[in-house]
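Undergrad: build me a structure from this.
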Amino acid sequence: MEAVILILVLLFLVFVGVGAYAAVKVVGAARRSVDRTISQARRTVEDTTLRAKSYGQPGAAGEVAQLRLSLRTSMRATQDALHAGVAEDESLRETLGLFERLSAHGLELDAELRRLEREPDKTGLRQRLPALRERTEQITHSADALRWAARDRARKFADDDLIALNEQIDVEAGALRHWTTPAADGHPQGQAKSAGSGSDSGSPADSGSWSSAGEGAADASDAGHRAAPDAITGRDPNRQQRYPWQKAARPESTT
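TA: Next comes the predicted model:
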């Protein structure tokens, strides 16, 4: 009795532990989903604000917003492309490491541009714009180069796979067109034997693949009957060669 109680207690503890683990996993997944949704919403709002500033604010402030928007768009597109490609191509791990190093410089530049958006000294901001523009172009150029290289690599693999598939299909299509199968004696069906095979031209041709076994047996039996000379009194109609298209002989009327 004590053993049964101990087993029940252990089962209860196991169920409680499994339930707690499942609850923690569900809560964690829900929290990550909420955080991801909030992050995407915040990113969308910020991009929309930058786009509005780049078009609505003239001068240095509008150009700073345009630089931030260009930087964020390029870095985000490259990050998405590399993370999607590394799942199928492990060689992109090294490329992803290079992008992470580049991303550190991009984040530093984005933070600096964010601070300069609220800079009241517009004259000093205009003086720093050429250097900021050059840094932004360097980072976005490197990010674009990584992204396009990863896409070209994926397209090259897809093209090679398509070429190999087309070659296999061509081979299979050619094999499907060879529907003539060899006969038992080694010659293709539907072709006459060579002259050196010893057979005369009067032998019956090989039957096709659609011929029934009964017709082949009937042809062999008829060949044996034709080997004997005909009787003087005429052939027996019951022993004459029959063809599938002939009607059965009717019995003579006795009336």
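Undergrad: what is the helix or strand hosting Gln127 packed up against?
TA: Per DSSP states H and E: Gln127 is located in helix 122-177. Under the contact criterion of 3 or more C-beta pairs under 8 Å, 6 or more residues apart in numbering; DSSP states H and E, the helices and strands touching helix 122-177 comprise helix 60-86, helix 92-117. (Each C-beta comes from the backbone N, C-alpha and C, glycine too.)
Undergrad: same list (those) but as a markdown table, adding mean pLDDT and mean neighbour count.
TA: Shown next, in a markdown table, are these (pLDDT from 0 to 100; neighbours: other C-beta atoms under 10 Å):
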| stretch | mean pLDDT | mean neighbour count |
| --- | --- | --- |
| helix 60-86 | 89 | 19 |
| helix 92-117 | 91 | 15 |
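Undergrad: Ala158: which of these is closest?
TA: Closest approach to Ala158 among these is made by helix 60-86 (11.8 Å; C-beta to C-beta).
Undergrad: so what secondary structure elements neighbour that closest one?
TA: helix 2-56, helix 92-117, helix 122-177.
Undergrad: relative to Tyr21, how far out is Ser91?
TA: 36 Å (C-beta to C-beta, to the nearest Å).
Undergrad: ditto for Asp160
TA: Summarising the geometry, the distance separating Asp160 from Tyr21, computed by C-beta to C-beta, is 45 Å.
Undergrad: let me have the helices and strands packed on helix 122-177 in a markdown table, adding distance to Lys25 as columns.
TA: Formatted as a markdown table, the entries for the helices and strands packed on helix 122-177 read as follows, by distance: least, C-beta to C-beta, whole Å:
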| stretch | distance to Lys25 |
| --- | --- |
| helix 60-86 | 23 |
| helix 92-117 | 27 |
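Undergrad: out of those, which comes closest to Glu137?
TA: helix 60-86 (8.7 Å).
Undergrad: related to what we said a few turns ago, adding distance to Glu63 as columns, could you present the helices and strands packed on helix 60-86 in CSV?
TA: Formatted as CSV, the helices and strands packed on helix 60-86 follow (distance: least, C-beta to C-beta, whole Å):
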stretch, distance to Glu63
helix 2-56, 8
helix 92-117, 10
helix 122-177, 6
